[in-house]
Each structure stands twice: as C-alpha cells, then as structure tokens.
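*Asks:* Sharing a model prediction with you, sequence too.
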Amino acid sequence: MNYQYQYDALAAGVRIKDITSSSHNRAILHRLENNDPGLKSLAILDEPEDEDEFVVREGDDLGWLGYFIGRNEKLKYLSVCYLPGDAEQRKKFFFEVQRNKSIKAVEILGNGIISKGFSAMNLPHVTSMSLDCHLEREYAHYFALGLRRCESLEDYSGPVTAEIVESLTTLPMLGGVGVLKNGGLAISREECMALRELLLNANKLNYLDLSDVGLGNDGLRLLAEGLACYSSLADGVLDLSRNDIGDEGLQALASSLASNAKLRELNLCNNNFGDKGLEALADLLAHNRALCELFISGNTAITETGVRAISRIIQSRKCLLKDLWLDRINISEEGGKILGDALSINESLVSLSLRCWGNDDVSIGDDGLKALAHGLSRNSHLKELDLSRNTAITATGLRSLKQYFRSPSCALENLTLYDINFGDKGAYALAYALRENKSLKFLYFDDRGITSKGWKAFLKLICNSSSPNGIYLSNHTLSLLSWCDNRAGRVVKKKILNCLAINKKCDAQNAAKFKIMYLFLDLDMVPLFQWNLKFLPLVKSWFDTITAPNDDFVASIRNRKLSATYKFVKGMPALIVSVFRHSDSAALENQR
C-alpha cells in the first residue's frame, strides 16, 4: 500500500482531535502543521516529562504523527523513546518521517522500536544518529539497511555488528562513532573485530568512543591492528575509559600507536593499569608530536615510578602535550618534585589536573605541592591548575605557592581549589602568595570555614585602601573569586565584588586609577610639590587616561582634575616665596 498517497489524499479532511488522545498531543500536531519556529525538538514517549513531547496513548495515530513530522520544516531534533507494539503503525510512522528535510539529529531510545519499517527509512539529511537499545539479529539487519541511506551522517552512537559496521563504512561523511552497550553487557569478540574493520576502512573517522564497554586486555588486543592503521583517527579522539584495561592491554595499545602518530586525544581514565603499562606508553608518547590531551585519572595502581614515566613525556622536546589529567593518583613529595622538575623545562602544557575524587583519595599534599610549586616557578606556559578535593592541602601548602605566583615567568590564569576546607588561615596564605602576581584571573574555591577576617585578606589583596599608593600596589588582575552562599563577611564580599568587577573591565593600570578615584575623593597634591612643576603635566595626563564606566564618573574625573590643577596653582606662591627666601639667604651668606 502506498501510505504517502493515502495520507496526502486524506489530509484536507482529517480532524486532529480524531487522531490524538489528548489536548496536549493535539497542540503538538498543530505546532507541527503550522511550522512553529519554537518547536525545534520533539520527543515521543509514554510518560510526560516536558512541554515539547508527544505522549503516546490509546487513540494516537502514529501514521498521522509521522505525516505531520514529515512535512514540518522547522524541526531539528527527533527523539523516539516509545512506539506501541503495532508493527503496521510503526511502519507508517517511519515511512512518513523520512519525508522531513529539516531534522539533523535522530535519537532512538528503548527496545522494540526498530522494526522492518525502519529498513525503508531514507534520511539523507540527518547528520547525527543515536541508538540506545538491544538489537536482535533480525532488527540489527533492518537498522543497518536504514543506516546506509543516511548519506550525510557525521556522528553515530549505538550498537555495532558486522553488518552495522559495513553500513557505516559506506557513509562518506562519518567522523565520529560511539559504541553503546545496552544492559551493561561487555563488548563481544565479534564486535571488536567489526570495530577493527571500521578503523581500517573509515578514512574520515576522527572520534571513537569505547568508554565503559568492557573492552579489557583481550578486546584491546583485537583492536590493535585497526588502531595501528596510519590513516585511522587522524587528528582524532580515542576514549578507552572505564574498560578494566591492565598493563598488558596498555602495552598492546602502545605498540599499535607506534604506527599511528596522528591521535590528538587519548582517554584512559578509570582502568586498571599501573607503572609497567604506563612506562610502555610513555616511551612511545615521548616522541609523539600529535597528542595534545592525555587523561590517566583514576588508575590508582600508579606509583612514583609511573609518575616518573609521565615526567619523561612532558620533559621531551618532541612532545606537544597541552592537557594532562592525573586525578586520583598519589603524588607524593618525591612525585611533586619529579613533576615540578619536568614542568620547569616544559613549554607545551597548558592545563594540569591533580584532583581527588573522594574523602579517602590522596593526590597531593603540602609537601608534594611545595615541591611542585618550586618547579613551576620556572614554568611560563601553564594556564590552568586544578587541585580540588585534596583535603591534605592546608594553609602551609597554599603558602608555598608564593614562590610560583611571584615568579616573573608565572602564566597561571585559572586555579581551582574546590572542596578544600582551608579556612581563614588558607585565605591569608592565598592572599599573601598572590600579592605580587600579575597573571591569575580566576580563583575557584569553597568558602567553608572562611569568616569576615579571611575575606578582608582578599579585599586587601585587590584593594589596599590604606593609601593611594597601597591601592596602586594591589592586585588588579584577579577578576573572579567563587564561593558558596554563606553569609559570613557579606559586607566585605560586596566590596570584593565591586573591585573584581573593576579588574574585569579595565586593564591593570586603569583598574588602579579607577579604584584610587573611587575611594579617595580628594587627592593630596602637596607631596608632589617637592618636584616643583615637573609633576603637573603628569598629573594632568594621569587624569586624562582614566577609563570612566559612565557619564557621572566622567564629570567626577573632570572636577577632580580641575581641583588637582588648582592645588598646584594655589601652591605656587608658597613655592616662589620659598625659592626667594632661599636665594636671599644664600646672598647674605656670600656677602659675609
């Protein structure tokens, strides 16, 4: 039967209330029919959750739903989470949906949705397809047939079988593949072999997500041949996190990547390897010029020996690594020294994460931080450092950052210290360490345990209002301090926020001038008289170069400029009289 002509012929006389089960679903069909520009995504499910959802119940005609979706010109995203068991209705739905030319992303969640009707799907305009369900052999065949017609597909997430992979390799635009395992099942040997064929044949593939699929050492060895392909994952991403990969698997990975020097990002978080596997990987990556991001977090078997292997990577002149995650790895004092020494000569790393994840974890403590800071004091490239949840860090460790922060080469812009309850002592230590820093812009931490005394230390850091010179010597770079919503020191916090806003809007020089003008309504010119009139042009220029945020402040600057000039003029007679008196005294002395 030709469903297309059936629905076209009946469309003029159909009443939407006769093909829907509720007023909400009727409203959805009207919006589809009228090309409502606000309806860009639509979810089809069995329980209501949000406004833009079609909740299928008895009385809803799926063929007509597909018809209105097929003719809509505004819809961009379609999520199908539930279709009833009527195979004929599902076939009509998929047949009509394929007429849509605006949908770019399709998501199918749940078992029983894919049927023979899907094999007739023709969605050449869809760029993203996600399928999260278990497919029996027959339905995997139907899905693979429909997948072949998605000629514009760039990203695919879902199960992989030999037939699905064969379909994927025919798609000219395919760039990303994510493997989803329904029901927590581990990836099979056949699926691993299918992925190996994908790596060997999909020349444009640059993203492969195999996270949490139960790959293990055996599965990784099966993939090795595909990963070794020179054209595989060029400038791409490989995610192997949470796969129970041990030392043997990592050694196999290192061997395969020796032939593929184009991988840009490698995620190995939360596996089960230790020093032996990491040393094999380090020997390879020390000579790799393509890898920019490396994630090793959560491999708790790594010891000081493994940290030394990591240091060889970042010490290598050939390595261009930019982001390194070493969360939940025990960085001892010696490990901090090893990393610090490596970072002292590294010229590529931009971001370093040494987070902890739980109360029992230890990544780095005071001694390790002190050793790390010593090495970082000679580093001029690191922009971001994350030490969050390292509860072993105290005010003593934070104070040791002074050497790093006050180094002329310090380039750090972002420091994250969440879940470290360092209290007022830590606030004093941070404020003291940052006193002469010219690079840090963002400081993230929790304010648990910090009272108004601690906040006053931060206020003094960014605006020491004891004198104009005190303000001038304050920190005018820091533009963000994060905190929780406790009320301790809220008056001081308000002042801090005002000063941070000034730092954010102005460069350091103008920020200093703005704060001085904001807090000192009457500037004393008398100290400048000792240089006679030499400072008058400088004072005028100082006022002229202040950036004002609004018209009222412009007027205030103009008035204070006139006041300062008047003070110079007013001080002239005193200066002249003083000069004449000095001249007369000198003449009398000569006469004697």
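*Replies:* Structure received.
*Asks:* Now tell me which helix or strand of this protein has the poorest mean pLDDT.
*Replies:* helix 551-591 (a mean of 60; mean pLDDT, DSSP states H and E).
*Asks:* so where's the stretch 451-592 of the chain shaky on pLDDT?
*Replies:* Low-confidence segments of the stretch 451-592 of the chain, defined by pLDDT under 70: 484-489, 521-558, 560-561, 564-592.
*Asks:* Helices of the stretch 251-400 of the chain, start to end?
*Replies:* Counting by DSSP state H, counting those that start in this stretch, one finds helices in the stretch 251-400 of the chain at the ranges 275-285, 304-315, 333-345, 366-376, 395-399.
*Asks:* May I see these organised as JSON lines, with mean pLDDT added?
*Replies:* JSON lines is the format used below for the helices of the stretch 251-400 of the chain (pLDDT from 0 to 100):
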{"stretch": "helix 275-285", "mean pLDDT": "93"}
{"stretch": "helix 304-315", "mean pLDDT": "94"}
{"stretch": "helix 333-345", "mean pLDDT": "93"}
{"stretch": "helix 366-376", "mean pLDDT": "94"}
{"stretch": "helix 395-399", "mean pLDDT": "94"}
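*Asks:* Tell me which of those is the most buried.
*Replies:* Mean neighbour count (mean count of other Cβ atoms under 10 Å) peaks for helix 366-376 among those, with a mean of 23. Where C-beta positions appear, they are placed from N, C-alpha and C, glycine not excepted.
*Asks:* Contacts for that one, please.
*Replies:* Contact partners of helix 366-376, identified using Cβ atoms under 8 Å, 6 or more residues apart in numbering, comprise 331-337, 339-344, 364, 382, 387, 392-394, 396-398, 400-401, 403-404, 407, 410, 412.
*Asks:* let's go with 7 Å and repeat that
*Replies:* The contact list for helix 366-376, computed with Cβ atoms under 7 Å, 6 or more residues apart in numbering, reads 331-333, 335-337, 339-341, 343-344, 364, 382, 392-394, 396-397, 400-401, 403-404.
*Asks:* Assign residue 54 to one of the three secondary structure states.
*Replies:* strand (DSSP: H, G, I helix; E, B strand; the rest coil).
*Asks:* from what I can see it touches residue 26, true?
*Replies:* No: using Cβ atoms under 7 Å, residue 54 makes no contact with residue 26, being 10.3 Å away.
*Asks:* More neighbours: these two, which one.
*Replies:* Neighbour count, other Cβ atoms under 10 Å: between residue 54 and residue 26, residue 54 has more, with 25 against 16.
*Asks:* For that one, give its distance to residue 38.
*Replies:* 15 Å (Cβ to Cβ, to the nearest Å).
*Asks:* Same check on residue 87?
*Replies:* Per Cβ to Cβ, residue 87 is found 33 Å from residue 38.
*Asks:* Between the two, tell me which one has more neighbours.
*Replies:* Set residue 87 next to residue 38 and count neighbours by other Cβ under 10 Å: residue 87 wins out with 12 against 8.
*Asks:* Can you list phi and psi of that one for me?
*Replies:* phi -60, psi -40 (degrees, to the nearest 10).
*Asks:* where along the stretch 401-550 of the chain do the helices fall?
*Replies:* So, for the stretch 401-550 of the chain - with DSSP H, counting those that start in this stretch - the helices run 402-405, 423-433, 452-462, 468-472, 490-505, 508-519, 536-544.
*Asks:* re earlier: residue 441 is nearest to which of the helices of the stretch 251-400 of the chain?
*Replies:* helix 366-376 (17.0 Å; Cβ to Cβ).
*Asks:* Look up which helix or strand the closest residue to residue 166 other than its chain neighbours falls in, please.
*Replies:* Counting by Cβ to Cβ, 6 or more residues apart in numbering, residue 144 is the residue found nearest to residue 166 once chain neighbours are left out, at 7.1 Å. Using DSSP states H and E, residue 144 maps to helix 137-147.
*Asks:* Likewise for residue 73?
*Replies:* Per DSSP H and E, there is no helix or strand for residue 73.
*Asks:* State the pLDDT value of residue 184.
*Replies:* The model reports residue 184 with a pLDDT of 65.
*Asks:* Report the contact partners of the nearest residue to residue 247 once chain neighbours are set aside.
*Replies:* In space, residue 247 comes closest to residue 277 once its chain neighbours are excluded; the distance is 3.6 Å by Cβ to Cβ, 6+ apart. When contacts are counted by Cβ under 7 Å, 6+ apart, residue 277 touches 246, 247, 250, 251.
*Asks:* number of nearby residues for the third one?
*Replies:* Here the neighbour count serves as a burial measure; for residue 250 (other Cβ under 10 Å) it reads 25.
*Asks:* what about the strands in the stretch 151-300 of the chain?
*Replies:* 155-158, 176-179, 207-209, 237-239, 265-267, 293-295 (DSSP state E, counting those that start in this stretch).
*Asks:* want to throw those into a markdown table with mean neighbour count, distance to residue 356 and mean pLDDT?
*Replies:* Output for the strands of the stretch 151-300 of the chain, formatted as a markdown table (neighbours: other Cβ atoms under 10 Å; distance: least, Cβ to Cβ, whole Å; pLDDT from 0 to 100):
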| stretch | mean neighbour count | distance to residue 356 | mean pLDDT |
| --- | --- | --- | --- |
| strand 155-158 | 20 | 31 | 92 |
| strand 176-179 | 20 | 28 | 93 |
| strand 207-209 | 20 | 26 | 94 |
| strand 237-239 | 20 | 22 | 95 |
| strand 265-267 | 21 | 19 | 96 |
| strand 293-295 | 20 | 16 | 96 |
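*Asks:* now for the ones you listed, which one comes closest to residue 226?
*Replies:* Residue 226 lies closest, by Cβ to Cβ, to one member of the strands of the stretch 151-300 of the chain: strand 207-209, at 9.4 Å.
*Asks:* quick one, what contacts residue 413?
*Replies:* 383, 384, 439, 440, 441, 442.
*Asks:* Export these to a markdown table and append columns for pLDDT, distance to residue 371 and neighbour count.
*Replies:* As requested, these are exported to a markdown table (pLDDT from 0 to 100; distance: Cβ to Cβ, whole Å; neighbours: other Cβ atoms under 10 Å):
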| residue | pLDDT | distance to residue 371 | neighbour count |
| --- | --- | --- | --- |
| 383 | 98 | 21 | 15 |
| 384 | 98 | 20 | 16 |
| 439 | 97 | 21 | 18 |
| 440 | 97 | 20 | 22 |
| 441 | 97 | 26 | 16 |
| 442 | 97 | 25 | 15 |
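*Asks:* Export these as TSV, with columns for distance to residue 368.
*Replies:* Shown next, in TSV, are these (distance: Cβ to Cβ, whole Å):
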residue	distance to residue 368
383	21
384	18
439	22
440	21
441	25
442	23
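*Asks:* tell me which of those residues is nearest to residue 272?
*Replies:* Nearest member of the contacts of residue 413 to residue 272, counting by Cβ to Cβ, is residue 384, at 28.0 Å.
*Asks:* so how far is residue 296 from that closest one?
*Replies:* 17 Å.
*Asks:* Residue 14 too?
*Replies:* Counting by Cβ to Cβ, the gap from residue 14 to residue 296 is 59 Å.
*Asks:* Export the helices of the stretch 251-400 of the chain to TSV and append columns for distance to residue 505.
*Replies:* Converted to TSV, the helices of the stretch 251-400 of the chain look like this (distance: least, Cβ to Cβ, whole Å):
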stretch	distance to residue 505
helix 275-285	42
helix 304-315	36
helix 333-345	33
helix 366-376	29
helix 395-399	28
